[in-house]
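Asks: here is my input, please return the structure:
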Amino acid sequence: MLAKRIIPCLDVKNGTTVKGVNFINFRNAGDPVELGRQYSDAGADELVYLDITASHEGRKTFVDLVRRVAANVNIPFTVGGGISCVADVDTLLNAGADKITINSSAIRNPQLISDIANRFGSQVCVVAIDAYQDNGNWECYLNGGRIPSGLNLFEWAHQAQERGAGEILFTSMNHDGVKTGFATTALKMLSQNLTIPIIASGGAGTYSHFYDVFANAGVDAALAASIFHFKEIEINLLKDYLVKNGITIRQ
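Replies: Sure thing, here's the model as predicted:
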């Protein structure tokens, strides 16, 4: 069994880390570079940095921040927000990012997934999916959860895999920031139907939530934000808990 990964996510707005609930009501969580360095020192396996208003505001993502993160953090990190072409990816990788994640731009132009995978390798391309469940249907959203796409979560995830995505980062908008547990049922369906790694996002609130999503949904990584930012859960203690409960985790 591959070791599971713990990934803090840093949503960045106007140069500051923020965290909301259900994609709204954001509050300040600190400096993104300093937080990243702390997570690296604490044993995080990877980091994800998302410029959460780049697509909505129609601008490019934060290259200067990527350079500063690369200079201060010694674990792999993924960058997303406002990436719309292969040239954007080239710029971010040259600035020090290890992987990129695309969401709205991939839905609008699915060929972009293939273009990135063919140019840089599938391992570089993480397709992020924000989906909301209503009456049993999981619908994908664009622009940071603002615009419904009409796409079904499972159909779109499968298409993304076929086009060359190396990983799927699925965030349940229903569960985001409410700390009641991950969308385990949907995540299990993704894990069973796809062959590429699945990163769970949205809903982490306790140690047991991480155990549940690894043991029962079969995901490869679990991502969280506020519980790490506000020190409700310490990464080293979380890893100790998971190991003691039989989960193979990176050390």
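Asks: I'd say residue 160 and residue 127 touch.
Replies: Yes: counting by C-beta atoms under 8 Å, residue 160 touches residue 127, with 4.1 Å between them. C-beta coordinates here come from the backbone N, C-alpha and C atoms, glycine included.
Asks: who's more crowded, the two?
Replies: Between residue 160 and residue 127, counting by other C-beta atoms under 10 Å, residue 127 is the more crowded of the two (28 against 25).
Asks: residues in contact with the more buried one?
Replies: Applying C-beta atoms under 8 Å, 6 or more residues apart in numbering to residue 127 gives the contacts 101-103, 106, 113, 157, 160, 165, 167-169.
Asks: touching both of residue 160 and residue 127, which residues are there?
Replies: Joint contacts of residue 160 and residue 127 (C-beta under 8 Å, 6+ apart) are 106, 113, 168.
Asks: from those, which land in helices?
Replies: Under the assignment DSSP state H, those contribute 106, 113 to helices.
Asks: helices along the stretch 51-200 of the chain, start to end?
Replies: For the stretch 51-200 of the chain, the helices defined by DSSP state H, counting those that start in this stretch cover 54-57, 63-72, 86-95, 104-108, 111-120, 153-163, 184-193.
Asks: show the average pLDDT along the shortest one.
Replies: This means helix 54-57. The average of the pLDDT scores along helix 54-57 is 48.
Asks: can you check stretch 87-99 too?
Replies: Per-residue scores along stretch 87-99 average to 95.
Asks: so who does residue 132 touch?
Replies: 138-139, 141, 145, 148, 172-174.
Asks: from these, which two are the most distant?
Replies: Taking C-beta to C-beta as the measure, the contacts of residue 132 span a maximum distance of 15.0 Å, between 148 and 172.
Asks: so these two - more neighbours on which side?
Replies: residue 172 (25 against 13).
Asks: any idea how far residue 204 is from that one?
Replies: 11 Å (C-beta to C-beta, to the nearest Å).
Asks: mutual contacts of those two, please.
Replies: Common neighbours of residue 172 and residue 204 (C-beta under 8 Å, 6+ apart) are residue 182.
Asks: quick one: contacts for the nearest residue to residue 76 once chain neighbours are set aside?
Replies: Spatial nearest neighbour of residue 76, chain neighbours left out: residue 98 (4.0 Å); criterion: C-beta to C-beta, 6 or more residues apart in numbering. When contacts are counted by C-beta under 8 Å, 6+ apart, residue 98 touches 46, 76-78, 124.
Asks: got it, and residue 165?
Replies: Residue 165 neighbours (C-beta under 8 Å, 6+ apart): 113, 117, 122, 125-127, 196.
Asks: neighbours of residue 230, how many?
Replies: For residue 230, using other C-beta under 10 Å, the count is 12.
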